[in-house]
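> prediction below, plus the sequence it came from.
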Amino acid sequence: MTCHGLRILLFSAAMSLGALFLKGCSNVDCTAYASDTFLYGTDWPYSCPSGSDRILQAERCECAAMQLSAGWDGPITRDDRPTGCYRYKDTGANINLHAPGASASGARPICAMSPAPPPPTTTKVSASLSSCCQNLLALEGGRRLDGPLAACTRSECESAAR
């Protein structure tokens, strides 16, 4: 039986006892976040460390909670808790869908390290290519080289490179 199915079964059986949510029980595929680094921010002031960002997606928050062994209490909508992914004191992690939220003593954001910016792309142009080809390659790379733009086609440029 899936975790989700188990939640439904147990919740249905315990309706008269109140809400029930299994901590740490997840059906989320965290493959997309496997290389992410998650960490806690501070509760006062409520912020993420430099170089990291608050998590605002429920699936990513659940994966972060599993990676941090925080347990997962699920999504909530409360105006007295921070918006986004956080852990309140020693409870499991939540994602608060209410915006705007509010800082709460003991609520620490769960943050994700920002990915490194991609390296700048450069177009290597052989000295043997004509200025026409250099300009064509630069334009295809989103840049324009200085100098006049001669009229040539991609096939003419490829021929000149051979």
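That came through, no problem.

> for residue 110, helix, strand, or coil?
Three-state assignment for residue 110 (DSSP: H, G, I helix; E, B strand; the rest coil): strand.

> neighbours of the spatially closest residue to it that is not a sequence neighbour, how many?
Nearest non-adjacent residue to residue 110, counting by C-beta to C-beta, 6 or more residues apart in numbering: residue 85, 4.3 Å away. For glycine as for every other residue, the C-beta is placed from the backbone atoms N, C-alpha and C. When neighbours are counted by other C-beta atoms under 10 Å, residue 85 registers 28.

> what pairs with the strand or helix carrying residue 85, and is each one parallel or antiparallel?
Assigned by DSSP states H and E, residue 85 falls within strand 84-88. Strand pairing for strand 84-88, determined by DSSP bridges: strand 93-96 (antiparallel), strand 107-113 (antiparallel).

> can you give the contact residues for it?
By C-beta atoms under 8 Å, 6 or more residues apart in numbering, the residues outside strand 84-88 that reach it are 40, 54-56, 60-61, 64-65, 68, 70, 81, 93-96, 101, 104, 106-110.

> now with 7 Å, please.
The contact list for strand 84-88 (C-beta atoms under 7 Å, 6 or more residues apart in numbering) reads 54-56, 61, 64, 70, 93-96, 104, 106-110.

> and the helices in this structure?
Using DSSP state H, the helices of the chain run over residues 3-13, 58-67, 131-140, 154-161.

> what distance do you get for the residue nearest to residue 110 to residue 57?
Distance, residue 85 to residue 57, by C-beta to C-beta, to the nearest Å: 8 Å.

> now do residue 41
In terms of C-beta to C-beta, residue 41 sits 16 Å off from residue 57.

> of the two, which one has the most company?
More crowded of residue 41 and residue 57, by other C-beta under 10 Å: residue 41, with 20 against 14.

> how about the more buried one, what does it touch?
Residue 41 is in contact with 47, 48, 49, 108, 109, 111, counting by C-beta under 7 Å, 6+ apart.

> buried subset of those, written for ChimeraX?
Provided next is the ChimeraX selection string for whichever of the contacts of residue 41 are buried by 16 or more other C-beta atoms under 10 Å:
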select :48,108,109,111
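
> now render the contacts of residue 41 as JSON lines, adding distance to residue 75 and pLDDT.
As requested, the contacts of residue 41 are exported to JSON lines (distance: C-beta to C-beta, whole Å; pLDDT from 0 to 100):
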{"residue": "47", "distance to residue 75": "22", "pLDDT": "92"}
{"residue": "48", "distance to residue 75": "20", "pLDDT": "94"}
{"residue": "49", "distance to residue 75": "24", "pLDDT": "95"}
{"residue": "108", "distance to residue 75": "18", "pLDDT": "94"}
{"residue": "109", "distance to residue 75": "16", "pLDDT": "96"}
{"residue": "111", "distance to residue 75": "18", "pLDDT": "97"}
